[in-house]
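[1] Okay, sequence plus prediction incoming.
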Amino acid sequence: MKQRTIGDVQVSSIGLGGMPMSIEGRPDRARSIATIHAALEAGVTFIDTADAYQEVGETVGHNETLIAEALASWGSDTSGILVATKGGHLRPTPGAWGQNGNPDYLKDAAKASAKRLGVESIGLYQFHRPDPEVDYADSVGAIRDLLDDGMIRMAGISNANPDQIRLANEILGGRLVSVQNQFSPRFRSSEPELDLCAELGIAFLPWSPLGGIGGAKELGGKWAEFQAVADAHGVSPQQVCLAWELALAPIVIPIPGASRPESIRDSVLAAELELTADEVARLSA
(Lines give C-alpha, C1' and ligand atoms only; values in the text may rest on other atoms or scores of the structure.)
Protein backbone atom coordinates (compact mmCIF):
# COMPACT_ATOMS: atom_id res chain seq x y z
CA MET A 1 0.00 0.00 0.00
CA LYS A 2 1.11 3.57 -0.62
CA GLN A 3 2.69 5.32 2.33
CA ARG A 4 2.25 8.63 4.10
CA THR A 5 4.03 10.15 7.07
CA ILE A 6 3.12 10.95 10.65
CA GLY A 7 6.02 12.75 12.29
CA ASP A 8 9.02 10.75 11.15
CA VAL A 9 7.10 7.47 10.81
CA GLN A 10 5.89 6.09 7.50
CA VAL A 11 2.43 4.50 7.68
CA SER A 12 -0.14 3.15 5.27
CA SER A 13 -2.12 5.91 3.55
CA ILE A 14 -5.34 4.29 4.83
CA GLY A 15 -5.59 3.53 8.53
CA LEU A 16 -8.08 1.52 10.58
CA GLY A 17 -10.45 3.21 13.03
CA GLY A 18 -11.24 0.88 15.90
CA MET A 19 -14.31 2.55 17.42
CA PRO A 20 -17.08 0.45 15.70
CA MET A 21 -15.57 -2.69 17.23
CA SER A 22 -16.13 -1.45 20.78
CA ILE A 23 -19.19 0.79 21.07
CA GLU A 24 -22.87 -0.17 21.10
CA GLY A 25 -23.77 -2.61 18.33
CA ARG A 26 -20.23 -3.97 18.24
CA PRO A 27 -19.51 -7.40 16.76
CA ASP A 28 -18.31 -10.33 18.83
CA ARG A 29 -14.65 -10.40 19.79
CA ALA A 30 -13.71 -13.05 17.23
CA ARG A 31 -15.05 -10.99 14.31
CA SER A 32 -13.37 -7.86 15.62
CA ILE A 33 -10.00 -9.58 15.82
CA ALA A 34 -10.56 -11.03 12.34
CA THR A 35 -11.22 -7.48 11.12
CA ILE A 36 -7.96 -6.19 12.59
CA HIS A 37 -6.07 -9.16 11.13
CA ALA A 38 -7.67 -8.49 7.72
CA ALA A 39 -6.44 -4.91 7.90
CA LEU A 40 -2.91 -6.06 8.67
CA GLU A 41 -3.04 -8.59 5.83
CA ALA A 42 -4.10 -5.78 3.48
CA GLY A 43 -1.08 -3.69 4.43
CA VAL A 44 -2.55 -1.35 7.06
CA THR A 45 0.20 -0.15 9.40
CA PHE A 46 -1.74 2.54 11.26
CA ILE A 47 -4.50 1.78 13.78
CA ASP A 48 -6.46 4.43 15.67
CA THR A 49 -8.09 3.85 19.03
CA ALA A 50 -8.96 5.66 22.29
CA ASP A 51 -9.54 4.75 25.90
CA ALA A 52 -13.15 5.97 25.52
CA TYR A 53 -14.04 3.47 22.77
CA GLN A 54 -16.32 1.27 24.85
CA GLU A 55 -19.98 0.73 25.57
CA VAL A 56 -21.52 3.35 27.84
CA GLY A 57 -20.69 2.72 31.48
CA GLU A 58 -18.21 -0.03 30.66
CA THR A 59 -14.70 0.04 32.08
CA VAL A 60 -12.53 2.23 29.87
CA GLY A 61 -10.14 0.77 27.35
CA HIS A 62 -12.16 -1.96 25.60
CA ASN A 63 -10.81 -1.08 22.16
CA GLU A 64 -7.23 -0.73 23.36
CA THR A 65 -7.23 -4.21 24.90
CA LEU A 66 -8.92 -5.60 21.78
CA ILE A 67 -6.21 -4.16 19.53
CA ALA A 68 -3.46 -5.41 21.84
CA GLU A 69 -4.97 -8.89 21.74
CA ALA A 70 -5.24 -8.83 17.94
CA LEU A 71 -1.64 -7.70 17.50
CA ALA A 72 -0.39 -10.32 19.96
CA SER A 73 -2.20 -13.08 18.06
CA TRP A 74 -1.08 -11.88 14.64
CA GLY A 75 1.26 -14.39 13.05
CA SER A 76 3.76 -11.88 11.70
CA ASP A 77 6.01 -9.06 12.92
CA THR A 78 4.01 -6.11 14.26
CA SER A 79 6.94 -3.82 15.09
CA GLY A 80 6.07 -1.63 12.07
CA ILE A 81 2.49 -1.02 13.20
CA LEU A 82 1.79 2.43 14.64
CA VAL A 83 -1.05 2.43 17.18
CA ALA A 84 -2.44 5.84 18.06
CA THR A 85 -4.65 6.29 21.09
CA LYS A 86 -6.33 9.25 22.74
CA GLY A 87 -7.25 10.49 26.21
CA GLY A 88 -9.48 13.16 27.69
CA HIS A 89 -12.86 11.91 26.45
CA LEU A 90 -15.35 9.93 28.55
CA ARG A 91 -18.55 7.92 28.04
CA PRO A 92 -20.21 8.07 31.44
CA THR A 93 -23.91 7.92 30.53
CA PRO A 94 -26.07 6.98 27.52
CA GLY A 95 -26.21 9.71 24.90
CA ALA A 96 -23.51 11.79 26.57
CA TRP A 97 -19.80 12.21 26.05
CA GLY A 98 -17.80 14.00 28.72
CA GLN A 99 -14.38 15.63 28.78
CA ASN A 100 -11.56 15.63 31.27
CA GLY A 101 -8.60 17.75 30.23
CA ASN A 102 -7.06 17.94 33.70
CA PRO A 103 -3.28 17.53 33.24
CA ASP A 104 -2.92 14.98 36.03
CA TYR A 105 -5.81 12.97 34.64
CA LEU A 106 -4.32 12.96 31.13
CA LYS A 107 -0.95 11.75 32.41
CA ASP A 108 -2.59 8.94 34.39
CA ALA A 109 -4.79 8.07 31.40
CA ALA A 110 -1.77 7.79 29.10
CA LYS A 111 -0.03 5.44 31.51
CA ALA A 112 -3.18 3.30 31.75
CA SER A 113 -3.46 3.23 27.95
CA ALA A 114 0.15 2.11 27.61
CA LYS A 115 -0.49 -0.73 30.05
CA ARG A 116 -3.57 -1.89 28.12
CA LEU A 117 -1.69 -1.70 24.83
CA GLY A 118 1.21 -3.63 26.32
CA VAL A 119 3.83 -1.00 25.52
CA GLU A 120 6.26 1.09 27.52
CA SER A 121 5.87 4.10 25.23
CA ILE A 122 2.78 4.94 23.16
CA GLY A 123 3.53 5.50 19.49
CA LEU A 124 1.12 8.43 19.06
CA TYR A 125 -0.96 9.95 21.85
CA GLN A 126 -3.61 12.56 21.10
CA PHE A 127 -5.61 14.88 23.35
CA HIS A 128 -9.09 13.69 22.43
CA ARG A 129 -11.28 16.76 22.86
CA PRO A 130 -10.97 20.20 24.50
CA ASP A 131 -12.42 20.43 28.00
CA PRO A 132 -14.31 23.72 28.50
CA GLU A 133 -13.51 23.54 32.21
CA VAL A 134 -9.72 23.38 31.73
CA ASP A 135 -7.42 25.83 29.99
CA TYR A 136 -6.46 24.28 26.66
CA ALA A 137 -2.81 25.21 27.14
CA ASP A 138 -2.72 23.30 30.42
CA SER A 139 -4.14 20.16 28.78
CA VAL A 140 -1.67 20.32 25.90
CA GLY A 141 1.07 21.00 28.44
CA ALA A 142 0.39 17.56 29.90
CA ILE A 143 0.85 16.02 26.45
CA ARG A 144 4.15 17.91 26.16
CA ASP A 145 5.29 16.53 29.51
CA LEU A 146 4.41 12.99 28.41
CA LEU A 147 6.46 13.55 25.27
CA ASP A 148 9.40 14.94 27.17
CA ASP A 149 9.29 12.05 29.65
CA GLY A 150 9.26 9.44 26.87
CA MET A 151 5.85 8.09 27.90
CA ILE A 152 4.73 8.83 24.35
CA ARG A 153 6.84 8.98 21.18
CA MET A 154 4.67 11.42 19.22
CA ALA A 155 1.95 13.92 20.15
CA GLY A 156 -1.29 14.93 18.46
CA ILE A 157 -4.63 16.59 19.13
CA SER A 158 -8.19 15.87 18.05
CA ASN A 159 -11.34 17.92 17.49
CA ALA A 160 -9.30 21.11 17.33
CA ASN A 161 -9.81 24.43 15.54
CA PRO A 162 -7.04 26.40 13.77
CA ASP A 163 -6.18 28.52 16.80
CA GLN A 164 -5.87 25.42 18.96
CA ILE A 165 -3.66 23.76 16.35
CA ARG A 166 -1.29 26.73 16.32
CA LEU A 167 -1.29 26.94 20.12
CA ALA A 168 -0.68 23.22 20.56
CA ASN A 169 2.19 23.26 18.08
CA GLU A 170 3.73 26.19 19.96
CA ILE A 171 3.38 24.52 23.36
CA LEU A 172 4.84 21.31 21.94
CA GLY A 173 7.80 23.20 20.53
CA GLY A 174 6.90 22.45 16.92
CA ARG A 175 6.44 18.74 17.65
CA LEU A 176 2.72 18.45 16.88
CA VAL A 177 2.50 15.62 14.34
CA SER A 178 -1.22 15.03 13.86
CA VAL A 179 -4.70 16.55 14.01
CA GLN A 180 -7.67 14.19 14.06
CA ASN A 181 -10.91 15.92 13.10
CA GLN A 182 -14.21 14.83 11.64
CA PHE A 183 -14.23 15.19 7.87
CA SER A 184 -16.33 13.60 5.13
CA PRO A 185 -18.55 14.60 2.19
CA ARG A 186 -21.32 15.50 4.61
CA PHE A 187 -19.06 17.14 7.19
CA ARG A 188 -16.82 19.67 5.49
CA SER A 189 -16.41 22.26 8.26
CA SER A 190 -12.89 21.00 9.06
CA GLU A 191 -11.50 22.20 5.73
CA PRO A 192 -9.69 25.16 7.40
CA GLU A 193 -7.95 22.72 9.75
CA LEU A 194 -7.02 20.46 6.84
CA ASP A 195 -5.56 23.41 4.95
CA LEU A 196 -3.59 24.57 7.99
CA CYS A 197 -2.17 21.10 8.53
CA ALA A 198 -1.08 21.02 4.89
CA GLU A 199 0.63 24.38 5.40
CA LEU A 200 2.42 23.20 8.55
CA GLY A 201 3.22 19.69 7.36
CA ILE A 202 1.09 18.05 10.08
CA ALA A 203 -0.80 14.83 9.37
CA PHE A 204 -4.57 15.34 9.11
CA LEU A 205 -6.51 12.24 10.18
CA PRO A 206 -10.19 12.42 9.16
CA TRP A 207 -12.39 10.50 11.59
CA SER A 208 -15.67 9.15 10.23
CA PRO A 209 -14.23 9.76 6.72
CA LEU A 210 -17.17 7.92 5.14
CA GLY A 211 -19.77 9.93 7.05
CA GLY A 212 -20.06 8.01 10.29
CA ILE A 213 -22.32 5.13 11.26
CA GLY A 214 -24.81 4.76 8.42
CA GLY A 215 -23.17 7.53 6.43
CA ALA A 216 -21.20 5.16 4.20
CA LYS A 217 -24.45 3.90 2.65
CA GLU A 218 -25.47 7.44 1.72
CA LEU A 219 -22.46 7.71 -0.58
CA GLY A 220 -24.37 5.68 -3.13
CA GLY A 221 -27.54 7.75 -2.80
CA LYS A 222 -27.51 11.22 -1.28
CA TRP A 223 -24.03 11.92 -2.62
CA ALA A 224 -24.76 10.77 -6.15
CA GLU A 225 -21.57 12.15 -7.68
CA PHE A 226 -19.53 9.66 -5.65
CA GLN A 227 -21.61 6.82 -7.09
CA ALA A 228 -21.18 8.19 -10.61
CA VAL A 229 -17.40 8.29 -10.26
CA ALA A 230 -17.46 4.84 -8.66
CA ASP A 231 -19.41 3.44 -11.60
CA ALA A 232 -16.88 4.93 -14.00
CA HIS A 233 -14.04 3.14 -12.21
CA GLY A 234 -15.93 -0.04 -11.36
CA VAL A 235 -15.35 0.37 -7.63
CA SER A 236 -17.42 1.18 -4.54
CA PRO A 237 -18.43 4.77 -3.71
CA GLN A 238 -16.69 4.26 -0.37
CA GLN A 239 -13.39 3.72 -2.18
CA VAL A 240 -14.01 6.87 -4.21
CA CYS A 241 -14.69 8.86 -1.05
CA LEU A 242 -11.41 7.81 0.57
CA ALA A 243 -9.48 8.36 -2.67
CA TRP A 244 -10.97 11.85 -2.91
CA GLU A 245 -9.81 12.67 0.62
CA LEU A 246 -6.33 11.35 -0.15
CA ALA A 247 -6.22 13.58 -3.22
CA LEU A 248 -6.97 16.74 -1.23
CA ALA A 249 -3.49 16.94 0.33
CA PRO A 250 -0.50 14.65 0.91
CA ILE A 251 -0.92 15.00 4.67
CA VAL A 252 -4.39 13.37 4.73
CA ILE A 253 -4.60 9.85 6.17
CA PRO A 254 -8.23 8.66 6.46
CA ILE A 255 -9.05 6.23 9.27
CA PRO A 256 -12.30 4.52 8.27
CA GLY A 257 -13.93 2.50 11.02
CA ALA A 258 -14.68 -1.13 10.33
CA SER A 259 -16.34 -4.02 12.10
CA ARG A 260 -16.13 -6.59 9.29
CA PRO A 261 -13.08 -7.88 7.40
CA GLU A 262 -14.68 -7.17 4.02
CA SER A 263 -15.22 -3.51 4.93
CA ILE A 264 -11.57 -2.75 5.63
CA ARG A 265 -10.45 -4.81 2.63
CA ASP A 266 -12.60 -2.59 0.40
CA SER A 267 -11.40 0.61 2.08
CA VAL A 268 -7.69 -0.07 1.63
CA LEU A 269 -8.15 -0.41 -2.14
CA ALA A 270 -8.77 3.35 -2.19
CA ALA A 271 -5.03 3.86 -1.76
CA GLU A 272 -4.48 2.58 -5.30
CA LEU A 273 -7.40 4.42 -6.90
CA GLU A 274 -6.20 7.36 -8.99
CA LEU A 275 -8.83 10.04 -9.55
CA THR A 276 -8.46 12.64 -12.27
CA ALA A 277 -8.21 16.33 -11.38
CA ASP A 278 -11.66 16.79 -12.90
CA GLU A 279 -13.12 14.03 -10.75
CA VAL A 280 -11.59 15.51 -7.59
CA ALA A 281 -13.02 18.92 -8.49
CA ARG A 282 -16.48 17.44 -9.14
CA LEU A 283 -16.46 15.60 -5.83
CA SER A 284 -15.20 18.65 -3.97
CA ALA A 285 -18.01 20.74 -5.43
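    The structure has been received and is ready for your questions.
[2] Could you pull out the strands in the stretch 1-150 of the chain for me?
    3-6, 9-12, 16-17, 46-48, 82-87, 89-93, 96-99, 124-127 (DSSP state E, counting those that start in this stretch).
[3] Direction included, what does the fifth one pair up with?
    Meaning strand 82-87. strand 46-48 (parallel), strand 124-127 (parallel) (DSSP bridges).
[4] Which one of the strands of the stretch 1-150 of the chain lies nearest to residue 180?
    Comparing the strands of the stretch 1-150 of the chain against residue 180 with Cβ to Cβ, the closest turns out to be strand 124-127 (5.8 Å). The way it works is simple: take the backbone N, C-alpha and C, and place the C-beta from them, glycine included.
[5] Show me the contact partners of the closest one.
    6-7, 82-88, 101, 106, 110, 113, 139-140, 142-143, 146, 151-158, 168, 177-178, 180 (Cβ atoms under 8 Å, 6 or more residues apart in numbering).
[6] Recalculate using a threshold of 6 Å.
    Strand 124-127 is contacted by residues 84, 86, 88, 110, 139, 143, 152, 154, 156, 157, 158, 180 when judged by Cβ atoms under 6 Å, 6 or more residues apart in numbering.
[7] The fourth one against residue 144, yeah?
    If I follow you right, that is residue 110. No. With contacts counted by Cβ atoms under 6 Å, residue 110 stays clear of residue 144, the gap being 12.0 Å.
[8] hang on, the earlier thing: which stretch among the strands paired with strand 82-87 comes nearest residue 233?
    Comparing these under Cβ to Cβ, the one sitting nearest is strand 46-48, at 24.5 Å.
[9] picking that back up, now the strands paired with strand 82-87 as JSON lines including mean neighbour count?
    Formatted as JSON lines, the strands paired with strand 82-87 follow (neighbours: other Cβ atoms under 10 Å):
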{"stretch": "strand 46-48", "mean neighbour count": "27"}
{"stretch": "strand 124-127", "mean neighbour count": "26"}
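[10] Take those and lay them out in a markdown table including mean pLDDT and distance to residue 200.
    As requested, these are exported to a markdown table (pLDDT from 0 to 100; distance: least, Cβ to Cβ, whole Å):
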| stretch | mean pLDDT | distance to residue 200 |
| --- | --- | --- |
| strand 46-48 | 98 | 20 |
| strand 124-127 | 98 | 16 |
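[11] Can you add distance to residue 284 and give these back as CSV?
    Below are those laid out as CSV (distance: least, Cβ to Cβ, whole Å):
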stretch, distance to residue 284
strand 46-48, 25
strand 124-127, 27
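[12] Compare those strands and give me the one nearest residue 258.
    strand 46-48 (10.7 Å).
[13] ok, and what's touching the closest one?
    For strand 46-48, contacts defined as Cβ under 6 Å, 6+ apart pick out 11, 12, 15, 16, 17, 67, 82, 83, 84, 255.
[14] Next, work out how far apart the nearest residue in space to residue 33 that is not next to it in sequence and residue 107 are.
    Nearest residue to residue 33, sequence neighbours excluded (Cβ to Cβ, 6 or more residues apart in numbering): residue 70, at 4.5 Å. Using Cβ to Cβ, to the nearest Å, residue 70 is found at 27 Å from residue 107.
[15] Those two: which is more packed in?
    Using other Cβ atoms under 10 Å as the criterion, residue 70 and residue 107 rank with residue 70 on top: 22 against 17.
[16] gap between that one and residue 116?
    13 Å.
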